[in-house]
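Asks: The following comprises the amino acid sequence and a computationally predicted model.
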Amino acid sequence: MTASSTDPPSPSDSSLATSIFSLPPKSSSSSVEAQRAARAARWRFSTICAAVDTKDQHGASSTPIYQTATFKGMDGQYDYTRSGNPTRESHLARLYGAHQAFALSTGMTCLDTILRLVKPGETVLAGDDLYGGTNRLLTYLGTHGGVDVRHVDTTRVEELLPHLGSDNNVKMVLLESPTNPLLKIADIAHISSVVKAAAPSALIVVDNTMMSPYLQRPLDLGADIVYDSATKYLSGHHDLMAGIIAVKDPEITKSIAFVINAVGSGLAPFDSFLLLRGIKTMSIRMDRQQATANLVAAYLDELGFLVHYPGLKRHPKRDIHWKQATGAGAVLSFVTDDKALSERIVGGTRLWGISVSFGAVNSLISMPCLMSHASISAAVRAARGLPENLIRLCVGIEDPRDLIDDLEHALISSGAIEPNLSHPTMSVRRTEELYDADPNAWILERARAFRRPGDSAMERLVAGVKRGLGISKERRTIDGDIVVSAPGKVILFGEHAVVHGVTAVATSVNLRCFAVLSPRSDDTVALEVPNLDFEAEWDISRLPWGLLPVGSDGAKREADKELDPPLLTAIEGLVPEAGKTGVGAAVAFLYLYMVMAGSQANAVSATFTASSNLPIGAGLGSSAAYSTCVASALLIAHKHLSLPSQPGTPVSTAAHDDSGPHFSPRDTDLVDGWAFLAEKVLHGNPSGIDNAVSVRGGAVAFTRSVGGRKGGLEGLHGFSSIRLLLTNTLVPRDTKSLVAGVAAKRLAEPSVVDPVLDSIQAISDEAKGLLGGTTHVDRSHLVSHLESLIRDNHGHLVTLGVSHPSLEMIVAATAAEPFGLATKLTGAGGGGCAVTLIPDAFPESSLQSLLEALRNDGFEPHLTTLGGPGLGVLASSANSPGYTDAVPTPGGGEGCSCPNELG
Ligand SMILES: N[C@@H](CCSC[C@H](N)C(=O)O)C(=O)O
């Protein structure tokens with residue numbers, strides 16, 4: 001080794017023997033030799049690939065394999081295979097128009113080597129549609145190498161400009177063209193000149209794997225460095241991993257050579273041999289592959305799929321591509337708009353192998369988001385507009401008719417296409433004749449024999465015109481307004497203790513959330529929540545439909561038990577900045593909207609407007625009421641809830657109103673399940689009590705399963721509605737720390753806390769008996785008995801340390817003469833709300849003075865009733881024949897229709 005370990009050696013250093021594939025002009029003393037060399041210098045690409053123009057001591061007509069790690073002697077050209085090996089030396093620099101080209105162990109090693117030219121603090125600009133492995137390595141460099149990596153749409157030069165100022169310190173612009181997997185086109189020459197003008201020291205690096213040097217030579221277009229995964233077209237048989245770096249400038253060459261030798265990433269001798277063998281047939285393979293790829297792209301395009309392929313006339317950057325490349329290549333991708341359908345198509349092929357990679361003689365099919373690009377997180381994929389249902393086809397050299405046969409079979413069996421009965425069928429003989437005469441006519445004829453379901457000739461014409469005009473496909477909507485409402489809840493007994501396995505009793509209140517889902521005729525879904533000052537709308541086609549779990553086909557009714565984190569994250573990224581509650585409401589709505597639709601095709605264009613007279617964030621179940629409204633409106637929109645057809649009659653879940661229709665227990669559970677899912681979005685790990693009460697109304701007794709004891713939810717029916725005063729202290733509280741405080745107290749003072757918990761259990765048991773109708777007392781005794789339980793329960797909550805001076809003020813004010821009412825905190829305490837029972841005989845004048853007194857003290861009192869009805873629905877006539885637009889809420893009532901054991 002002559003070079004120091006710190007200075008990059010010169011290309012002539014022996015340690016640079018690893019700098020293979022250069023083609024030094026062969027000098028010869030004889031004029032015959034000189035003429036031969038001059039002629040060889042004019043050889044064209046495929047000739048250079050096929051010719052073995054090296055001098056072997058025995059005249060071997062294929063490059064010998066020097067399968068050795070070391071070379072004897074001190075003065076020879078080679079000493080150690082890491083530094084250089086004759087099998088690795090070749091003519092490749094000439095194929096790339098490079099000063100020098102290097103063979104490395106993989107395409108990613110090439111990128112790693114090139115990225116070592118970037119120092120911490122410098123910036124790399126890369127595309128937003130790029131190979132998953134590239135994205136992964138760049139991300140690593142950003143997190144571990146102190147490099148500022150930015151992803152921009154490199155197909156739009158104007159997006160690069162803001163990053164090119166001197167303060168950005170751009171060292172490298174990394175391009176793919178076409179991009180992998182969306183086949184977008186970057187203008188390499190234009191970008192090179194713009195970048196060089198704005199940031200002269202920045203290097204233009206191109207991953208040329210999609211094209212190979214046969215179809216595109218970026219160094220001729222202004223790039224500084226090109227690399228290829230030679231695993232693909234160069235070797236062509238998927239029997240080795242290799243990469244090529246080709247460099248234009250001698251100084252950069254030295255730096256690259258230094259890294260390769262220092263690291264030892266040069267290609268091994270046997271693999272170098274395989275690569276050279278593959279390169280011999282590269283042009284002929286690629287000619288065949290891309291000719292077939294053109295047919296496959298035309299076939300899918302004619303069937304109406306959105307196909308990404310620069311060989312298609314309607315590729316948006318076709319002109320730029322053909323300015324810089326001599327062919328469209330043999331990789332294309334297309335979308336189906338339905339991930340499950342895509343999976344069926346991919347799984348239904350036989351000749352097309354399901355595999356990553358491309359460029360080999362055998363054809364491959366893949367779903368990039370699940371395979372080659374799986375290392376990019378689902379949320380990032382969604383944000384960058386990479387459809388989860390995208391299918392990538394990598395065309396090989398098989399007979400095009402067999403490839404189309406196989407693909408067609410998969411498309412038919414997956415349900416993606418069906419025979420077009422209006423198209424005249426052609427005999428097999430005529431089809432073969434057409435193929436021989438004009439493959440392009442043959443492929444169109446072949447495609448026209450099929451149609452995509454729901455895609456009649458007229459629809460296709462309209463869709464084609466619309467597509468040409470940039471107008472998206474017609475969107476479904478609902479037939480008319482869907483009006484729903486749902487109540488909040490109050491925990492009457494057992495809060496905090498419920499965490500430790502004690503039964504809690506909760507009842508609905510007649511403060512409610514009201515919502516309407518209204519049709520709209522654009523491609524948009526919108527949410528308006530005036531109480532939260534929230535308003536947003538989303539382009540339906542830009543929602544992350546590809547993230548929906550497999551099997552989401554819109555026919556599903558039951559809600560999932562768990563949330564899908566990638567989908568949730570992607571949706572979170574779509575919600576505009578707003579208060580925490582507004583963002584939560586939007587994410588919950590969009591989550592249910594997408595999962596219930598199951599696919600973009602089923603999505604309805606509509607506006608959901610929700611408004612509530614429930615104090616928000618005061619522990620009164622406002623989020624559960626909202627969740628119930630979202631769930632029920634969307635279920636109706638998707639016709640998953642059956643509505644009776646009595647004209648003008650609202651539907652509710654409660655059986656209390658025998659005169660009107662109500663939902664079946666099964667439909668009630670269905671709404672509850674979806675409302676619970678929305679609650680999960682909003683709260684992470686809710687108990688389910690709030691949505692259960694909101695959907696069903698009335699009262700429930702809820703016991704959490706703790707320490708192996710069976711929990712459950714029991715509907716309580718058998719009591720008449722009771723008046724209630726809910727007073728909001730307007731003091732914000734932190735539920736989490738209050739709950740944790742009680743747990744800590746229990747640990748520290750079990751002898752104090754455990755008896756308190758036992759007493760609360762006894763209170764809840766008594767309340768259950770009274771509200772569930774098993775303890776028979778007359779109405780005045782029922783209320784007075786509940787009052788005494790309320791006082792007792794509040795005393796216990798004070799002992800547990802969860803009250804607050806503001807709550808104690810309300811307790812004292814309501815208990816004072818002349819009122820004499822029983823009040824307790826409800827929910828977490830520490831602020832929030834207090835609940836006061838109002839006996840039937842309580843004089844109206846006293847009530848008014850109490851309300852005034854509370855308001856004067858700065859509180860916000862709400863008069864309501866305990867145990868009102870649950871979900872109420874009023875659908876418009878168009879959604880359920882016979883229904884009219886009218887006031888949404890069902891009348892008040894008592895009890896609920898909960899099955900005895902729900903949880
Ligand atoms: N599991 C591999 C996936 C390799 S993808 C190979 C190729 N570049 C392609 O685009 O198909 C990984 O995580 O790197």
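Replies: Happy to help now that I have it.
Asks: For stretch 723-738, output the C-alpha coordinates as CSV.
Replies: C-alpha atoms of stretch 723-738 as CSV (Å, rounded to 0.1, in the frame of the first residue of the first chain):
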residue,chain,number,x,y,z
ARG,A,723,-84.0,15.9,38.2
LEU,A,724,-80.3,16.6,38.6
LEU,A,725,-78.2,19.7,38.9
LEU,A,726,-74.7,19.4,37.4
THR,A,727,-72.5,22.3,38.4
ASN,A,728,-69.3,22.8,36.6
THR,A,729,-66.6,24.3,38.8
LEU,A,730,-64.7,25.4,35.6
VAL,A,731,-61.6,24.2,37.5
PRO,A,732,-59.5,22.1,35.1
ARG,A,733,-58.4,18.8,36.5
ASP,A,734,-55.8,16.2,35.8
THR,A,735,-57.6,12.8,35.9
LYS,A,736,-54.4,10.8,35.6
SER,A,737,-52.6,12.3,38.6
LEU,A,738,-55.8,12.2,40.7
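Asks: Show me which residues of it are buried.
Replies: The neighbour-count criterion (16 or more other Cβ atoms under 10 Å) identifies Arg723, Leu724, Leu725, Leu726, Thr727, Asn728, Thr729, Val731, Arg733, Thr735, Leu738 as the buried residues of stretch 723-738. Heads up, the C-betas are built off the backbone N, CA and C, glycines and all.
Asks: What strand or helix carries the second one?
Replies: Secondary structure assignment for Leu724, by DSSP states H and E: strand 722-728.
Asks: Can you give the strand pairings for that strand, parallel or anti for each?
Replies: Each strand paired with strand 722-728, and its direction, by DSSP bridges: strand 833-838 (antiparallel), strand 860-866 (antiparallel).
Asks: ranges for the helices of the stretch 451-600 of the chain?
Replies: Across the stretch 451-600 of the chain, reading from the start of the chain, the helices by DSSP state H, counting those that start in this stretch fall at 457-469, 565-572, 580-597.
Asks: Please apply the same query to the stretch 151-300 of the chain.
Replies: Under DSSP H, counting those that start in this stretch, the stretch 151-300 of the chain gives helices at 157-160, 188-198, 212-215, 250-263, 269-280, 282-303.
Asks: chain center to the first one, what's the gap?
Replies: On the basis of Cα atoms, centre = their mean, to the nearest Å, the separation between the geometric centre of helix 157-160 and that of its chain is 26 Å.
Asks: Can you tell me, leaving aside adjacent residues, what's nearest to the residue in the stretch 101-250 of the chain positioned nearest to the ligand?
Replies: For the stretch 101-250 of the chain, the nearest residue to the ligand under the criterion Cβ to the nearest ligand atom is Gly133, separated by 4.1 Å. Distance criterion Cβ to Cβ, 6 or more residues apart in numbering; nearest residue to Gly133, sequence neighbours excluded, is Met108 at 5.4 Å.
Asks: hmm, back to that, dump the buried residues of stretch 723-738 into JSON lines; add distance to the ligand and pLDDT as well.
Replies: As requested, these are arranged in JSON lines below (distance: Cβ to the nearest ligand atom, whole Å; pLDDT from 0 to 100):
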{"residue": "Arg723", "distance to the ligand": "65", "pLDDT": "90"}
{"residue": "Leu724", "distance to the ligand": "60", "pLDDT": "90"}
{"residue": "Leu725", "distance to the ligand": "62", "pLDDT": "93"}
{"residue": "Leu726", "distance to the ligand": "56", "pLDDT": "92"}
{"residue": "Thr727", "distance to the ligand": "59", "pLDDT": "95"}
{"residue": "Asn728", "distance to the ligand": "54", "pLDDT": "93"}
{"residue": "Thr729", "distance to the ligand": "55", "pLDDT": "94"}
{"residue": "Val731", "distance to the ligand": "53", "pLDDT": "90"}
{"residue": "Arg733", "distance to the ligand": "47", "pLDDT": "79"}
{"residue": "Thr735", "distance to the ligand": "43", "pLDDT": "80"}
{"residue": "Leu738", "distance to the ligand": "46", "pLDDT": "89"}
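Asks: As a markdown table, these with distance to Ser61 would be great.
Replies: Supplementary listing: the buried residues of stretch 723-738 in a markdown table, determined by distance: Cβ to Cβ, whole Å:
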| residue | distance to Ser61 |
| --- | --- |
| Arg723 | 102 |
| Leu724 | 97 |
| Leu725 | 100 |
| Leu726 | 94 |
| Thr727 | 97 |
| Asn728 | 92 |
| Thr729 | 93 |
| Val731 | 90 |
| Arg733 | 85 |
| Thr735 | 81 |
| Leu738 | 85 |
